[in-house]
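**Student:** here is a sequence with its predicted model. Questions after.
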Amino acid sequence: MVNRNIDHYENRRDLAAAFRLAVWNDWHESVANHFSVALPGDGNRFLINPTYRHFSRLTASMLVEVDGDDPSEMDRADGPDPTAFAIHGRVHAANQKARCVFHVHSEYATALTALAEPEIKPIDQNTARFFNRVAIDKDFGGLADGEDEANRIAEALGDKQCLLMGNHGVLVTGETIADTYDTLYYLERACKTLAIAYAMQQPLSVMPDDLAEKTAQGWERYPDMRIAHFEEMKLLLDAKEPDYAD
């Protein structure tokens with residue numbers, strides 16, 4: 001059991017919940033992909049999943065605290081894999097607002113990144129949430145298990161919260177775990193809606209820029225909904241898989 005008196009138990013519990021919920025949402029892939037949350041400070045120290053553990057088995061006590069400036073962390077028996085250490089270490093270091101970082105190869109977002117033009121077109125209110133708010137990386141350089149590719153990814157993200165990683169997957173950041181979870185949830189929903197619309201092989205009804213921006217700003221007026229979404233999902237998780245908090 002995790003000592004609940006330690007300062008970052010809440011981060012451990014919530015990040016473990018996010019891993020379990022990722023399985024519920026079918027965002028996971030084999031024993032790959034990774035989530036992290038920065039501990040208080042400059043972001044150099046963060047919690048992340050240990051290498052090659054399935055998301056459905058992760059618990060609060062299994063999460064690993066690492067120093068993003070110390071490559072020897074990967075040599076630990078429970079250390080993160082090289083891509084996890086590289087990507088999350090560089091993104092946390094480059095962007096102080098990226099307190100939480102989720103990287104997945106979720107089905108619909110990844111399919112969108114395989115298109116020559118992977119823009120999330122504003123065709124409904126979910127897709128419009130991301131209007132001019134997603135960075136797109138078209139310069140995939142292979143597995144991000146080295147500092148150069150990880151730095152390039154961090155630079156491609158810039159000041160945006162989401163990065164569509166061409167030929168790869170998606171990276172979503174946030175100031176809290178709840179915010180990051182909610183953003184990834186709606187990003188994948190948006191990509192699914194767009195994929196279904198493309199499959200109909202009819203012209204898309206794309207919103208004018210001013211309407212898309214108005215809609216995106218409308219989403220920003222409901223931060224409490226993001227928190228409530230995650231809290232409600234944790235209540236469901238408490239009833240079905242309470243061991244995530246161990």
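**Tutor:** In hand now; what should we look at? Numbering: from 1, shown residues only.

**Student:** and the residue nearest the centre of the chain, how far is that from residue 156?
**Tutor:** Nearest to the mean C-alpha position of the chain, by Cα atoms, centre = their mean, lies residue 102 at 2.4 Å. Per Cβ to Cβ, to the nearest Å, residue 102 is found 16 Å from residue 156. Yep, even glycine has a C-beta here, placed from its N, CA and C like the rest.

**Student:** distance of residue 229 relative to residue 84?
**Tutor:** 25 Å.

**Student:** of these two, who's got more company?
**Tutor:** The residue with more neighbours, out of residue 229 and residue 84, is residue 84; 26 against 16, by other Cβ atoms under 10 Å.

**Student:** what's the closest non-adjacent residue to the more buried one?
**Tutor:** Of all residues not flanking residue 84 in the chain, residue 34 sits nearest, at 3.8 Å (Cβ to Cβ, 6 or more residues apart in numbering).

**Student:** got a list of what the one you found touches?
**Tutor:** The contact partners of residue 34, by Cβ atoms under 8 Å, 6 or more residues apart in numbering, come to 48-49, 80-81, 83-84, 87-88, 103.

**Student:** of those, which is the nearest to residue 190?
**Tutor:** Taking Cβ to Cβ as the measure, residue 103 is the one of the contacts of residue 34 closest to residue 190, at 17.7 Å.

**Student:** quick check: bridge partners of the closest one?
**Tutor:** Note on residue 103: beta-bridge partners residue 34, residue 171, judged by DSSP bridges.

**Student:** which residues touch it?
**Tutor:** 33-35, 84, 87-88, 169-172 are the contacts of residue 103 under Cβ under 8 Å, 6+ apart.

**Student:** ranking those residues by neighbours, who comes first?
**Tutor:** Using other Cβ under 10 Å as the neighbour test, the contacts of residue 103 are led by residue 88, with 31 neighbours.

**Student:** quick one: residues in contact with the helix or strand containing that residue.
**Tutor:** Following DSSP states H and E, one finds residue 88 within helix 82-94. Defining contact as Cβ under 8 Å, 6+ apart, one finds that helix 82-94 is touched by 34, 36, 38, 42-44, 46, 48-49, 51, 66, 68-69, 71, 73-74, 79-80, 98-99, 101, 103, 143-147, 149-151, 153-155, 157, 171, 173.

**Student:** circling back to that earlier point, contact partners for the residue nearest to the centre of the chain?
**Tutor:** 18, 22, 35, 171-173, 180-181, 184.

**Student:** report pLDDT for it.
**Tutor:** You'll see residue 102 listed with a pLDDT of 98.

**Student:** so it versus residue 170, what's the distance?
**Tutor:** With Cβ to Cβ as the criterion, residue 102 and residue 170 are 8 Å apart.

**Student:** for the nearest residue to residue 59 once chain neighbours are set aside, the count of nearby residues, please.
**Tutor:** Take residue 59 and drop its neighbours on the chain: the residue closest to it by Cβ to Cβ, 6+ apart is residue 246, 4.6 Å away. Residues near residue 246, counting by other Cβ under 10 Å, number 13.

**Student:** in this structure residue 246 contacts residue 57, no?
**Tutor:** No: at 11.2 Å, residue 246 does not count as touching residue 57 under the criterion of Cβ atoms under 8 Å.
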